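K.L.:
Take this sequence and fold it.
(3 chains)
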Amino acid sequence: MAVIKKRQDFLALRNARRTSSRCFLMLSRKNPENGESLRLGLTVTKKLGGAVIRNRIRRRLRAAAREIFPLHGNVGTDYVLVARKAAYDRNYAELLDDMKRALLSQRRDIK
RNA sequence: UGAGGCGGGCAUGCCGCGCGGGUAGCCCGUAGAGCGGAGGCGGGAGGAAAGUCCGGGCUCCAUGGAGACAAGGCGCCGGGUAACGCCCGGCCGGGCCGUUCGGAAACGGGCGGUCUGAGGGAUAGCGCCACAGAGAAUAUACCGCUCCGGACUUGAUCCGGAGUAAGGGUGAAAAGGUGCGGUAAGAGCGCACCGCCGUAUUGGUAACAAUGCGGGCAUGGCAAGCCCCGCCUGGAGCAAGACCGAAUAGGGACGGCGCGCUGGAAUCCGAAAAGGAGGAAGGCGGGCGGGUCUUCGCGCCCAGUCGUCCGGGUUGGUUGCUUGAGCGGGCAUGCAAAUGUCCGCCUAGAGGAAUGGUCGUCACGUUGCAAAACGUACAGAACCCGGCUUACAGACCGUCUGGCGCU
RNA sequence: GCGGGCGUAGCUCAGGGGUAGAGCGAAACCUUGCCAAGGUUUAGGUCGUGAGUUCGAAUCUCAUCGCCCGCU
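P.N.:
Okay, here's the model as predicted:
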């Protein structure tokens, strides 16, 4: 699972399919350059808090993505998660569940 | 026993699965490897990492000297330090407390303790000091006080003149204070004490202090108003900078055409010291040279365009990148900050950026009979140090202060 | 990383040591058959917060909080 780094790549997702959840907003877009792998980008804005809070949110989302994406993610797709405040202290099991639902929802849209 | 102040260090630990970096060797993949994979091993945020308020190191840029100006900062003295606006010690001022002396008291002085101060200069100059008040920096006669003259209504009267800063009142501030003398009433007018100014001596490295002598006192406050004096400061910042290096636009060299003013060399044409072609060096002028200006120098530039050839910068990669004014301990010097010396130790180096979830256990706190539940601050390195400032749950150690209880 | 600016009435802003102001808005009244416009009057302020300098601070100084902007 690769990481989206460039600003341009993030901007490409601006008008993509979006699925809202309590902890995040998920955006996804088919990217033919990816081949058999998928890419993930995280957006955690300064609005959510200081460095400590932002780091924690980033880590939790990343840890959850490591578990869920290989099982339910769509190959050859760029995903971006825009974090929301709830990601800071939401129960971890619920966070995993949210992410799974979001991915399945996105998959259904493709079909 | 329970509070508060000050100082010091600590900042839940352990285990398993994950995450990022490193790694001698081994195994697998591969034609092979310095590449990739698996496992093992070792290590992985702070006291403030924060704010970016100061001071440095480091790196690059800038042309060298002299002078002036500007801008900004600092400001008692001595020491510490790489340096500082920081730290330590002292001086002086201010607040509070205690004690003592004088006094009827108010209050004033001495000594001690403690807290605290952006603490040079206000007789270098300029400026400001609202309102109130008679008068506010060349001080000032409103009510008063005193004396003299006059009036007639002969009195706690009125008018005029002179003297007077002791009293009233205003104000943040009324131009030394208190007391005695003195006087028409008063006044440093005179005297004593305190304060102030000057000066000498002594003590102290010094700030300054003590004492003597002289001076009736001339010198209101504000410089975090302008300013004066002394001292300091070149600019940018690791996105600095270095190396490797795609495409495309741009750069350099050579040649052609062409090129501010002046100047005219070599060379060529010509028989020629005539004339012509030719245009170099130099001069002048202009521009740039990291705050500005002046002066003396210095360096670079004063077109472009076409053709040929050549090497450098942006994306990316590598590096800078962690051994350092380092940390711990002992000893010595010093009141201390700190310094010296010896021994030991190596403790993050990421790059859209590593620590999350959870099981159990441990510590503390709250709730609860208990089981247990919940909570554990402020907060995340980004080149590195020294400070300052701000945020902060909790418990620990040392020290000081007064309270209550017991002996 | 480096640098700059702002914070004053409900809103937009003046005031740069001496009693906090203007415009718009709000409220009441007048005017009108009613509304608008117009007129008169009134209320409304920890001057972001905390210290310091000063007799006196919105103003000067320092610290702090929040917001905005620029350069690389």
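K.L.:
where along chain A do the strands fall?
P.N.:
A:2-3, A:17-20, A:24-30, A:39-43, A:77-83 (DSSP state E).
K.L.:
Out of those strands, which gets nearest to RNA strand B?
P.N.:
Nearest to RNA strand B among the strands of chain A is strand A:2-3; the distance by Cβ to the nearest atom of the strand comes to 3.9 Å. (C-beta placed from N, C-alpha, C; glycine too.)
K.L.:
and the helix ranked longest in chain A, what does it pack onto?
P.N.:
The longest helix of chain A (DSSP state H) is helix A:51-72. Where contact means 3 or more Cβ pairs under 8 Å, 6 or more residues apart in numbering; DSSP states H and E, helix A:51-72 is packed against strand A:39-43, strand A:77-83, helix A:92-110.
K.L.:
between that helix and strand A:39-43, how big is the angle?
P.N.:
150 degrees (axes from the mean of the first three to the mean of the last three Cα atoms, to 10 degrees).
K.L.:
Identify all contacting residues around helix A:51-72.
P.N.:
Outside helix A:51-72, the residues that touch it by Cβ atoms under 8 Å, 6 or more residues apart in numbering are A:1, A:23-24, A:38, A:40, A:42, A:44, A:46, A:48, A:79, A:81, A:83, A:87-88, A:92, A:95-96, A:99-100, A:103-104, A:107.
K.L.:
List, one by one, the residues from chain A near RNA strand B.
P.N.:
Residues of chain A lying close to RNA strand B by Cβ under 7 Å from any atom of the strand are A:3-7, A:10, A:41-43, A:50-52, A:55-56, A:58-60, A:62-63, A:66, A:91-92.
K.L.:
Out of the residues you listed, which end up buried?
P.N.:
Buried members of those, scored by 16 or more other Cβ atoms under 10 Å, are A:4, A:10, A:41, A:42, A:56, A:58, A:60.
K.L.:
Could you export those to a markdown table, including columns for distance to residue A:74 and pLDDT?
P.N.:
A markdown table is the format used below for those (distance: Cβ to Cβ, whole Å; pLDDT from 0 to 100):
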| residue | distance to residue A:74 | pLDDT |
| --- | --- | --- |
| A:4 | 15 | 79 |
| A:10 | 19 | 78 |
| A:41 | 15 | 84 |
| A:42 | 18 | 84 |
| A:56 | 28 | 84 |
| A:58 | 22 | 85 |
| A:60 | 22 | 85 |
